[in-house]
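>>> Starting from these lines, generate the structure:
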Amino acid sequence: GLYRSEYTPLKAGKFQVFVRTGGHDIYCGKGEEEKCSPFDVTVFPGPVVPERCEVESSTGEKDYLVKALAGETGKIYLQTKDAFGNNQIAGGKTIIVLFISNTNTEIRYRGNVQDFQNGTYAITYSIPLAGQYTVDIEIEGGSPIFCVGLQNIPWYSRTYNGINPYSPPSTCQNQKPFLSVEHGPFHAPS
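Sure thing, here's the model as predicted:
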């Protein structure tokens, strides 16, 4: 007989789909040596959902989402995700990064975005003026969540496991963080 089956994959990755009858893989008319089951299936992540994407600092000593020295180069990372929390595997998204002064919103500094073409981005910045700044990141017109504080599990390895709904670490929030830029060390006149 003819049978039809449908499935909706939620987890991205490479899988095998087994089609069996009577406990044996189907042959598709090719005999046991060249049977067609299992089928190789690649499931790609869905479209980027900005509200599921995560921004955080590197695994270094300082959390550059909330603290920096004037003139120092800070580095943070962005992992783009789909609606289920699958990590994206392609780049090319429009990312806009601004650091906006909390005392004078006309003072703004841009972040430099490096696209690794695998769904991850590095953002570097250098702010010459000490003060408090709002970290404003826009991905395809939406805002990500911000993971303040160094995490036990690195940003690039957190993803949907295919069983339980993905949930970011508890330190990740929708609220844009405030970056405190302090004066760097002073030097004696030369």
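>>> Longest strand in the chain, please.
Assignment by DSSP state E gives strand 131-139 as the longest strand of the chain.
>>> Of all the residues in it, which ones are buried?
131, 133-135, 137, 139 (16 or more other C-beta atoms under 10 Å). C-beta: built from backbone N, CA, C; applies to glycine.
>>> could you say what helices and strands it packs with?
Counting by 3 or more C-beta pairs under 8 Å, 6 or more residues apart in numbering; DSSP states H and E, the packing neighbours recorded for strand 131-139 are strand 95-101, strand 178-182.
>>> Pull the distance from it to the chain's centre.
Centroid displacement of strand 131-139 relative to its chain, using C-alpha atoms, centre = their mean, to the nearest Å, is 17 Å.
>>> elements contacting the helix or strand just after that strand?
Later in the chain than strand 131-139, the nearest helix or strand by DSSP states H and E is strand 145-147. When contacts are defined as 3+ C-beta pairs under 8 Å, 6+ apart, strand 145-147 packs onto strand 54-57, strand 172-173.
>>> got a list of contacts for the last one?
Right, strand 172-173. Defining contact as C-beta atoms under 8 Å, 6 or more residues apart in numbering, one finds that strand 172-173 is touched by 54, 56, 145-148.
>>> how about JSON lines for the residues you listed, with neighbour count and distance to P169 added?
Below are the contacts of strand 172-173 laid out as JSON lines (neighbours: other C-beta atoms under 10 Å; distance: C-beta to C-beta, whole Å):
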{"residue": "E54", "neighbour count": "22", "distance to P169": "9"}
{"residue": "E56", "neighbour count": "27", "distance to P169": "9"}
{"residue": "I145", "neighbour count": "19", "distance to P169": "10"}
{"residue": "F146", "neighbour count": "21", "distance to P169": "11"}
{"residue": "C147", "neighbour count": "25", "distance to P169": "6"}
{"residue": "V148", "neighbour count": "19", "distance to P169": "10"}
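>>> ok, so of these, who is nearest E6?
Nearest to E6 among these: E54, at 31.9 Å, using C-beta to C-beta.
>>> Grab the most central residue of the protein for me.
Q79 (1.3 Å; C-alpha atoms, centre = their mean).
>>> mind checking how far that one is from K11?
16 Å (C-beta to C-beta, to the nearest Å).
>>> E72 now?
Counting by C-beta to C-beta, the gap from E72 to K11 is 40 Å.
>>> same deal with T134?
Distance, T134 to K11, using C-beta to C-beta: 35 Å.
>>> ok, now D82?
10 Å.
>>> neighbour count winner among these two?
Ranked by neighbour count (other C-beta atoms under 10 Å), D82 and K11 place D82 first, with 22 against 16.
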